[in-house]
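Chemist: Give me coordinates for this.
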Amino acid sequence: MPVNAGYEYFEAEKKYLNAQGLDEKIKCLEEMIKVAPKHKSSENLLAELKTRLKKFREKQEKGKKVGKGKKGIRKEGFQVALVGKVNSGKSALLGALTNARSFVSDVDFTTFQPEIGAMQYEGVKAQIVDLPSIGHKEFDYGVINNADLILMVVEKIDDIAEVEIVLERAVGKRIPVINKIDLLDENGKRKLEQQVRAKRIKDYVLISALLGEGILELKKKIFESMNVIRVFTKEPGKQSNNDPIVLPTGSNVEDVAESIYKGFSRQVKESRVTGPSGKFSNQKVGLKHILKDRDVVEFHTR
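Modeler: Okay, here's the model as predicted:
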């Protein structure tokens, strides 16, 4: 947080911290530079922002020069891959989890190429990739082998074993997602639960992507798999920001400062924490203080 920065700068900063994709980040950085304070104490901030913008533009230009061959999927943050057989309901699930709208049909192989959406859960974003069904020529092993989390989307319990075959080299955690429970009555759902437990399947979720049943529980499991914390920042004498800074579990106060902009931690004279990691509200802590989810950090600069 630069000294004497105005409301417009902090609004632009919020948008940058929550930006999805390179183009959006560039746009937000340009706005931050435009509204940033222009005085001697802000020279380092402006220089750092301009350097970051230059690197992003160079990266954007390189992307434009890539040939027209088969394009890979740019991994944006925490990536979740939807993997399943034909007509397992992956496209419907993508729509239920994100802002993306894939074509949904009972016809086989209606997903011809990967579809991407962004899931939001309590201030945290995840990239969701709906891959073509297993057996399709465009099925992308590169995505599933590198994804942070894999949702094995199936209609029948026995399909889980078939899906696992293609996950031999996948490194991400796996969550079995049994879809289309809207086709079952209450007795059928109870029997399905019993079968899942009898087979000792762990971390499963029963859902209806069509009706939205079980989607909130699935989002929560995705969030828990991300192994991150949400930290809110505030200026002295003001309310905390509504948009959290998302960091890996185990991050400290210094990590929060540096996520605002590189070198900011050197300007911090005092930091205070209110929340789960503190013994009491507004506790004075050092830069190496380990934070917990939903902490609020207040910085006082030199």
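
Chemist: tell me the pLDDT at Lys219?
Modeler: Predicted confidence (pLDDT) for Lys219: 97.

Chemist: Not counting sequence-adjacent ones, nearest residue to it?
Modeler: Spatial nearest neighbour of Lys219, excluding adjacent residues (CB to CB, 6 or more residues apart in numbering): Tyr121 at 4.6 Å. For glycine as for every other residue, the C-beta is placed from the backbone atoms N, C-alpha and C.

Chemist: What is the burial count for Val285?
Modeler: Counted by other CB atoms under 10 Å, the residues lying close to Val285 total 19.

Chemist: Quick check: buried residues in stretch 37-51?
Modeler: Within stretch 37-51, the residues that count as buried by 16 or more other CB atoms under 10 Å are Ser42, Asn44, Leu45, Leu46, Leu49.

Chemist: so how far is that stretch from its chain's centroid?
Modeler: Here stretch 37-51 is found 29 Å from its chain centre; the criterion is CA atoms, centre = their mean, to the nearest Å.

Chemist: Could you pull up the mean pLDDT of it?
Modeler: For stretch 37-51, the mean pLDDT works out to 81.

Chemist: Now do the end-to-end distance for that stretch.
Modeler: Its start and end residues considered, stretch 37-51 measures 17 Å (CA to CA, to the nearest Å).

Chemist: and what of stretch 76-94?
Modeler: With CA to CA applied, stretch 76-94 spans 16 Å between its terminal residues.

Chemist: Looking at the buried residues of stretch 37-51, which is nearest Gly21?
Modeler: Nearest to Gly21 out of those is Leu49 (CB to CB; 18.5 Å).

Chemist: For this protein, just list every one of the helices.
Modeler: Using DSSP state H, the helices of the chain run over residues 7-17, 22-35, 43-64, 90-97, 141-146, 159-165, 186-198, 215-226, 253-260.

Chemist: what mean pLDDT does the fourth one have?
Modeler: Spelled out, that is helix 90-97. The average pLDDT within helix 90-97 is 95.

Chemist: got it, and the last one?
Modeler: Confidence for helix 253-260, expressed as mean pLDDT, is 95.

Chemist: Would you mind splitting the chain into its domains for me?
Modeler: In terms of domains, the chain is parsed into 1-69, 79-226, 228-302 (source: automatic domain parsing).

Chemist: first vs last residue of the second one, how far apart are they?
Modeler: In this case it means domain 79-226. Domain 79-226: ends 9 Å apart by CA to CA.

Chemist: for it, the distance to its chain's centre please.
Modeler: On the basis of CA atoms, centre = their mean, domain 79-226 sits 16 Å off its chain's mean C-alpha point.

Chemist: picking that back up, hmm, Leu218 and the residue nearest to Lys219 touching each other?
Modeler: No. In this structure Tyr121 lies outside contact range of Leu218 using CB atoms under 8 Å: 9.8 Å.

Chemist: who's more crowded, these two?
Modeler: Remark: of Tyr121 and Leu218, Leu218 carries more neighbours, 21 against 16, as counted by other CB under 10 Å.

Chemist: Not counting residues beside it along the chain, what's closest to that one?
Modeler: Going by CB to CB, 6+ apart, Leu218 has Val205 as its nearest residue, at 4.7 Å.

Chemist: show me the contacts for that neighbour.
Modeler: Val205 makes contacts with Ile175, Pro176, Val177, Ile178, Gly214, Glu217, Leu218, Lys221, as judged by CB atoms under 8 Å, 6 or more residues apart in numbering.

Chemist: Quick check: the gap between it and Leu247.
Modeler: 26 Å (CB to CB, to the nearest Å).

Chemist: ok, now Gln239?
Modeler: For Gln239, the distance to Leu247 equals 21 Å [CB to CB].

Chemist: Have a look at the two and say which one is more surrounded.
Modeler: More crowded of Gln239 and Leu247, by other CB under 10 Å: Leu247, with 18 against 9.
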